[in-house]
Each structure stands twice: as structure tokens, then as C-alpha cells.
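1. Next input, structure requested:
(2 chains)
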2 protein chains.
Amino acid sequence: MQSFVAQLAQRIRGGMAPVVIGLDPRLDALPQRVQPDAAPAARILAFYQAVLPRLVAHAPAVKPNIAFFECFGADGYRAYEQTCALARSLGLLVVGDIKRGDIGSTAAAYAQGHFALADAVTLHPYLGGDSVEPFLGPCRPDRGGKGVFVLVRTSNPGARDFQDLRIDGEPLCEVVARAVTRWNAALPQSDGYGPVGAVVGATWPQELARLRTLLPHSWLLLPGVGAQGGKVADLAAAFDGHGLGALVNQSRGVMQAFAPDATDWLDRIEHAAQTFAAECRAVAQAKSPSQPKP
Amino acid sequence: MQSFVAQLAQRIRGGMAPVVIGLDPRLDALPQRVQPDAAPAARILAFYQAVLPRLVAHAPAVKPNIAFFECFGADGYRAYEQTCALARSLGLLVVGDIKRGDIGSTAAAYAQGHFALADAVTLHPYLGGDSVEPFLGPCRPDRGGKGVFVLVRTSNPGARDFQDLRIDGEPLCEVVARAVTRWNAALPQSDGYGPVGAVVGATWPQELARLRTLLPHSWLLLPGVGAQGGKVADLAAAFDGHGLGALVNQSRGVMQAFAPDATDWLDRIEHAAQTFAAECRAVAQAKSPSQPKP
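-> A predicted model of the protein is given here:
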């Protein structure tokens, strides 16, 4: 079985767009026609059962954000598990947006639980290397081939509060980026990329080139396009000369691309995914449109 | 209904020790006699159904770490909900050790879900003020009276990696402490303390006095005693002159204070809790043993 990063590269080389579709279920944004009388978790699962097959042709991966599932308690948590399982059964890679981070022994419990559900997960850096370490063993191709994306530069305005603080003239987020590169260096690469990636908000395009340089072998997960104000056209610096190295995330712009009472909501979501994919593919390949892929 | 911080102060003034017992269920550390043939989540719940009534006389609060529940999936998540509900029904305050942290709209979903279960929760600071903000409204006494503990100085060795980085000569964890104090300043206090507390590892006693000064109106949650090497005797600086202001956590040292095949495991846990409580009470009151409480 190929690792997460190997599968990602293979799919994008094969023509898929470098995108990931965020799954952030909000009850007030589900189509009215999807099981209106069912419990929240059942409605959410029914929505994804209908939608996920429509995404397979347009995106290599989905990114369920567990917050929007676990706010419905254990039933919501089960819907998260079922959504992950459904996506993987359809051939979609799953990035579990869990943003966990705890001391070593606790991190090991998180790694065990979440890598059973997802191909990759997002992690907080604040607790340092030993909080990330338990996730790295399962990233080895012979031990699961999983992936992680460490929060480096987040997409929200509050990212400035601590991530901009200067340490010997360098912002904290760049120091974290260097740590990600160190953690990544100890692990095997595929297509030039190791399994330790980084979250870099698409809302800070002026910082992309610098972070790309500091993270030469990391996949970048770029959230913040659409509702948060990030623009795909500003993200070219995130990609390498082969259109690899970054995944642009869109959540609301695709999964809420319909009026609540629309009858054609599935078609509208698929159309939005297709449009978004085409836009990202064009930007990713802008650097070297005529270069043959190695 | 009194706020979390008001209840905490009231109980400790009333003679309870300033302690919180960590609930980190590990299957290999459960008594062999507790439903050995049941599923993990059922074993965990049965364990706490037996143990929690024994803790009520010795601790004002418990701190379930959700990692050790959610590693068993949705069933484990339900056991977390049930453990929180059971503890609260027994009169224990519940600090949900969830260590969440996400952008504003997502943080709102976490706040909604987790404040329905716990009286207070732990939070990551890396995403800045707007990631903490959705948790602060429910901290107002008239909107739920909840509490939060922001990770400032964690108990693990890797805490050094980023939390020690110097910003204009001051370590990052102190900059975060100042931010906690700012967030706290906008909210009503009870007994001199607001609802925005801080996690400060008991493994760094030499830093306690300084962080106490930077966090004058915050309850400090002090994990790391026992298995991680922290010593209760070193924590006096965390308390104010009335024995308030800090909660010492112990998890394994109390909840694993028995041999797996012991028949008297309940008595041993209660004895360990009682001993731990007495030790913490003595240290908390060492500063002003004869001062009358205001």
C-alpha cells in the first residue's frame, strides 16, 4: 500500500487538481430536502452519502473538520467515523482536520485513534517535538504511510497574535516551519515530499514564497480560500515546477454552493467542485505549463 | 447558578484541597476485576462509576482527558460524555482536557459541544485571540459561567522547543501568559479570579513565581505531578495568601495506585486521593497558615 504522500502525488500527476474539499457540516447549511426530520448526525451522514460520490472525479482528498461533527456529541463523532470510512471506500484520501496536540503519551492515544480513521491529520505545534513524535512512526511507509500537517501559519486574523512574534528577527511561524522541515527530514520521501506537511493559510499569500522555501519537502495544506478571503490566483508560489507540493482547500464555497431549498443542490456542488478544481489546476501548472513531468 | 471559578473558590475555602484528579483511562491500567469481558468503553465507564463516588470527598474537580476516550471511537466518546455527566451529578466540577484550538467559526462549534459536557476546558493558544474568543462569552456568569485554561507552559520536555523562544528577551510562554491576562481582564472576577485560567506544568517549578505574577487573576492548572516528575512541595508559589489560585492535577498517581489484580483497588485509589489532597492542602496554605480568610 502506497503512503499518503505517494498517493497524493500520483493522483495529481495523473491529472487531478491539487485540491481538498473541506467537510464542515452545519445544519443550517444542509439542503432542506435531506432527511429534514432526522437527527443531526443522520442528516449529516445522509448529505455526505449523496455528495461524496460527486466529488471523486474532481478532488483527490476531502478534509472533514471534526469540530462540526463532535459538537453533536457521540452521535456526531460516529458520523465523522462513517464519513471518513465512506470517503475512503470511494477512493478519496481523508485529511482529518482534528488539530490535536498533547504530551507524548496522550498524543500516542490520539494517533492511534485518528490514524485508524484518516490518512492524514492536522496537528498543533505549541507543545513541541515530543507532541508530534507519536504521529511520525505511523508515517513511515512500512508502518501505515500516514501523513500530518502541522499548523504553521493559520488562516484566521488572530494568527498574527503569536505567529508574527519575532525571534531574532524571524516570525514564530517561520521557526515552526523550520522545525517541521527537521521532523520531516528523518522520514522517507516520495516525489520529493516527506509525510510531515504544514498548514499555511491562503489568506497570507505574501508569505507563501518564504514558507515554501523553508518547507522544501513538505506538502502545504492551504485553507482560507473563499469565505475567509483567500484567492486561488494568489497561490502559485505554493507549487513546485511539476504542479505538486500544495493542496488548496475549499469548504463553504463548494459544499454550500446552493440555496437551502434548491432541488439541484447536488449538481451545484459538483459544478462548484469542478470549477474550483480547474482554477487550482491552472494556477498549480502556471509555473511550468510545458514542462514534461519526470 | 454560580460560575466555575466561584464554585472552585467556595469549595476550597470550605476546606477542600486545591486538586483535580485526572481521568486518563488506559485499558492496561484498569482493575482486572472491572468487567474484564466487556467492550473498552463499557469497562471505562464501569470503572468511573465505581471510582468517582470515592473522589467526591477529596477533590473538588476531575479532569477527563478526551484523548483516552476518543481513541475508542464513538463508543469512547460516549463514555467521555457519560463520565462527565456522572461526575457532575456527583457534584464534581469537570475540566474537560480537550486541548482544542481552531479558527473562530470552528471554535464556536467546539465551544458549543464541549461546554454542554464540562464546566471548563483546556485550549491551545497558537491561533490567537479570535480562536479563544468563542469560549469567552459562555464564561460570563449570566451566560453559563464556564471556565477555560489556556496552555501557557506545558509539562512535557518538548515544551522547551517553542515556549522557551525569546521575544525581546521574554519567553513565548510569558507572552502567552500576558495575553491570557488581557483576555481575562474583560470578564467578571470571583474571589479575585476571572474565568480565563492557564495550564502551567508542575515540572517547571522555577518558572512558577514569574508566571504567577504575569497571571495575577488566573487560576493555574498544574499538571505533571507524579509520573512526569513534578513535586507538590515545589508548587507553593502558585497559590495566593488564601490558598487559592491553583489546582494541582494528578492522574496516574491516584487512578493507578493499585496492582492490576488487586481486590482493594477502590480503597487504594481513595487513599491515594486523600494523601494527595492533604499534601496539596498543606502546600497551598503554607504561605499564610494563620491568616483569616476574607
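2. Tell me where the model's unsure across chain A.
-> Chain A contains residues with pLDDT under 70 at A:288-294.
3. hey, where'd the helices end up in it?
-> A:4-13, A:40-55, A:67-70, A:73-89, A:104-115, A:129-136, A:159-163, A:172-185, A:208-214, A:252-255, A:265-284 (DSSP state H).
4. Can you tell me which of these is most buried?
-> Of all the helices of chain A, helix A:67-70 has the most neighbours on average by mean count of other Cβ atoms under 10 Å in any protein chain shown, namely a mean of 27. In this view, the C-beta of every residue, glycine as well, is placed from N, C-alpha and C.
5. So which elements touch it?
-> helix A:73-89, helix B:104-115 (3 or more Cβ pairs under 8 Å, 6 or more residues apart in numbering or on different chains; DSSP states H and E).
6. Reformat the helices of chain A as CSV; add distance to B:A57.
-> Formatted as CSV, those follow (distance: least, Cβ to Cβ, whole Å):
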stretch, distance to B:A57
helix A:4-13, 50
helix A:40-55, 38
helix A:67-70, 33
helix A:73-89, 30
helix A:104-115, 28
helix A:129-136, 35
helix A:159-163, 41
helix A:172-185, 45
helix A:208-214, 53
helix A:252-255, 50
helix A:265-284, 56
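7. so which of these comes closest to A:G192?
-> helix A:4-13 (8.3 Å; Cβ to Cβ).
8. got the CA coordinates for that closest one in PDB?
-> Taking Å, rounded to 0.1, in the frame of the first residue of the first chain, the C-alpha atoms of helix A:4-13 are listed here in PDB:
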ATOM      1  CA  PHE A   4      -0.500   9.200   1.700                       C
ATOM      2  CA  VAL A   5       2.100  11.500   0.100                       C
ATOM      3  CA  ALA A   6       2.800   9.000  -2.700                       C
ATOM      4  CA  GLN A   7      -0.900   8.600  -3.400                       C
ATOM      5  CA  LEU A   8      -1.400  12.300  -3.400                       C
ATOM      6  CA  ALA A   9       1.400  12.900  -5.900                       C
ATOM      7  CA  GLN A  10       0.300  10.000  -8.100                       C
ATOM      8  CA  ARG A  11      -3.200  11.300  -8.400                       C
ATOM      9  CA  ILE A  12      -2.200  14.900  -9.200                       C
ATOM     10  CA  ARG A  13       0.400  13.700 -11.700                       C
END
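9. Can you check what angle separates it from helix A:265-284?
-> Interaxial angle of helix A:4-13 relative to helix A:265-284 (axes from the mean of the first three to the mean of the last three Cα atoms, to 10 degrees): 90 degrees.
10. Does anything pack onto helix A:4-13? Which helices or strands?
-> strand A:93-100, strand A:147-153, strand A:194-200.
11. rerun that using 10 Å as the cut-off
-> Secondary-structure packing of helix A:4-13 (3 or more Cβ pairs under 10 Å, 6 or more residues apart in numbering or on different chains; DSSP states H and E): strand A:61-64, strand A:93-100, strand A:120-123, strand A:147-153, strand A:194-200, strand A:218-222, strand A:246-250.
12. one step back: which one of the helices and strands packed on helix A:67-70 lies nearest to A:V180?
-> Nearest to A:V180, of all the helices and strands packed on helix A:67-70, is helix B:104-115, at 21.8 Å by Cβ to Cβ.
13. is chain A contacted by that closest one?
-> Yes - residues of helix B:104-115 contacting chain A under Cβ under 10 Å from any Cβ of the partner chain: B:104-114.
14. A:A259 and chain B, how far apart?
-> Counting by Cβ to the nearest Cβ, to the nearest Å, the gap from A:A259 to chain B is 20 Å.
15. and if you look at A:V62?
-> Applying Cβ to the nearest Cβ to A:V62 and chain B gives a distance of 16 Å.
16. Mind listing the residues bridging to that residue?
-> Taking DSSP bridges as the rule, A:V62 bridges to A:I21, A:V94.
17. now A:P171
-> Beta-bridge partners for A:P171, by DSSP bridges, are A:R166.
18. ok, now which ones touch it?
-> Applying Cβ atoms under 10 Å, 6 or more residues apart in numbering or on different chains, we find A:P171 in contact with A:153, A:160, A:162-165, A:177, A:207, A:210-211.
19. residues in contact with A:W219?
-> A:4-5, A:8-9, A:18, A:95, A:120, A:147-149, A:184, A:191, A:193-198, A:238, A:244-247 are the contacts of A:W219 under Cβ under 10 Å, 6+ apart.
20. ditto for A:G22
-> Contact partners of A:G22, counting by Cβ under 10 Å, 6+ apart, are A:62-65, A:68, A:95, A:97, A:223, A:225-226, A:249-255.
21. which of those count as buried?
-> Among these, those buried by neighbour count (16 or more other Cβ atoms under 10 Å in any protein chain shown) are A:62-65, A:68, A:95, A:97, A:223, A:225-226, A:249-255.
22. What is the neighbour count of the closest residue to chain B within the stretch 1-150 of chain A?
-> Taking Cβ to the nearest Cβ, chain B has its nearest neighbour within the stretch 1-150 of chain A at A:G128, 2.9 Å off. Neighbourhood size, A:G128 [other Cβ atoms under 10 Å in any protein chain shown]: 22.
23. hang on, isn't it packed against B:N156?
-> Yes - between A:G128 and B:N156 a contact is recorded at 7.0 Å, counting by Cβ atoms under 10 Å.
24. and for these two, which residues touch both?
-> Shared contacts of A:G128 and B:N156 (Cβ under 10 Å, 6+ apart): A:I103.
25. how close does the residue lying closest to A:R252 once chain neighbours are set aside sit to A:A67?
-> Distances taken as Cβ to Cβ, 6 or more residues apart in numbering or on different chains put A:A227 closest to A:R252, at 4.5 Å, once the chain neighbours are dropped. Separation of A:A227 from A:A67 (Cβ to Cβ, to the nearest Å): 16 Å.
26. do A:A41 as well
-> A:A41 is 14 Å from A:A67, where distance means Cβ to Cβ.
27. Repeat that for A:G158.
-> Taking Cβ to Cβ, one finds A:G158 at 16 Å from A:A67.
28. A:S190 now?
-> Using Cβ to Cβ, one obtains 30 Å as the distance from A:S190 to A:A67.
29. Repeat that for A:D267.
-> With Cβ to Cβ as the criterion, A:D267 and A:A67 are 28 Å apart.
30. Same question for A:A57.
-> Taken as Cβ to Cβ, the span from A:A57 to A:A67 is 28 Å.
31. pretty sure A:F149 is touching A:D119, no?
-> No - assessed by Cβ under 10 Å, A:F149 is found out of contact with A:D119, at 11.2 Å.
32. Look at the two and report which has more neighbours.
-> Taking neighbours as other Cβ under 10 Å, A:F149 and A:D119 compare with A:F149 leading, 27 against 23.
33. Enumerate every residue touching the more buried one.
-> A:63, A:95-97, A:99, A:120-123, A:180, A:195-200, A:218-221, A:223, A:247.
34. Look up the residues forming beta bridges with it.
-> Counting by DSSP bridges, A:F149 forms beta bridges with A:T122, A:G197.
35. mind checking how far it is from A:P195?
-> 10 Å.
36. Mind listing the shared neighbours of these two?
-> Counting by Cβ under 10 Å, 6+ apart, the common neighbours of A:F149 and A:P195 are A:120, A:218-219.
37. Output the residues you listed in CSV, with distance to A:Y77 appended to each entry.
-> Output for the shared contacts of A:F149 and A:P195, formatted as CSV (distance: Cβ to Cβ, whole Å):
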residue, distance to A:Y77
A:A120, 19
A:S218, 29
A:W219, 27
